[in-house]
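1. Based on what follows, work out the 3D shape:
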Amino acid sequence: MGYMDNHGAPERKFHAPEAGLMVTDGRLIEGYASLFGKRDQGGDVVQKGAYAASLKALAASNRRVKMLWQHDPQQPIGVWDEVREDSTGLYVKGRILTDVEKGREAAALLAAGAIDGLSIGYRTLRAEKDGKGQRLLSELELWEVSLVTFPMLAEARVAAKGDALTDIWHSVAQIFEDARRDLAAR
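-> All right, here's what the predicted structure looks like:
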């Protein structure tokens, strides 16, 4: 049975993507902020399609998901130029604004490997408990994706462009995305 949580403080999911967050030129970043079907340390599992309505509503109102530093709404550090769901999870692509002091700091910390995580800030609209002690999140109102120090998924990390594993996963993700687009065009 599902339940609704339409008020209260925003929830946050810390995640540094298994496939790696690509960092190019110290400021262009892309990767997955959330993976579908993966249980996090809090026992939550985001389901495919959980972000669809939120992303549609944001687009309809000409608004964007915010890029913040450590979930601090007073510290925007860039812009997400692309935020979308695919079969893997929530894909993000954007730019750290190095004209902003915190943006310069974030870019330097990413380059040095001192930070390695992403975290989503959202509100749960629909979820249900399963018999395994998990909360299955089926509809989320996405507010922001932050660069963070401590990710929720221990195996997740940020990788610099050129990291062989990251390049492989990025290539695989691109192949699947190209195939999806080709199929949708038919």
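2. got the residue ranges for the helices in this structure?
-> Chain-ordered helices for the chain, with DSSP state H as the definition, fall at 52-60, 101-112, 164-185.
3. ok, how many other residues are close to residue 138?
-> 17 (other C-beta atoms under 10 Å). The way it works is simple: take the backbone N, C-alpha and C, and place the C-beta from them, glycine included.
4. before we move on, what about residue 135?
-> By the other C-beta under 10 Å criterion, the neighbourhood of residue 135 contains 18 residues.
5. residue contacts, the closest residue to it other than its chain neighbours?
-> For residue 135, the nearest residue in space outside its immediate sequence neighbours is residue 44; the separation is 4.8 Å by C-beta to C-beta, 6 or more residues apart in numbering. Under the criterion of C-beta atoms under 8 Å, 6 or more residues apart in numbering, the contact partners of residue 44 comprise 13, 127, 134-137.
6. So residue 44 versus residue 137, what's the distance?
-> The gap separating residue 44 from residue 137 is 6 Å, by C-beta to C-beta, to the nearest Å.
7. so what sits against both of these two?
-> Looking at what touches both residue 44 and residue 137 (by C-beta under 8 Å, 6+ apart), the common residues are residue 127.
8. This protein: strands as residue ranges?
-> With DSSP state E, the ranges of strands along the chain come out as 2-3, 11-15, 22-24, 28-35, 44-46, 66-69, 72-85, 89-96, 117-129, 135-148.
9. one step back: any idea which of the helices of the chain has the lowest pLDDT on average?
-> Mean pLDDT is lowest for helix 164-185 among the helices of the chain, at a mean of 54.
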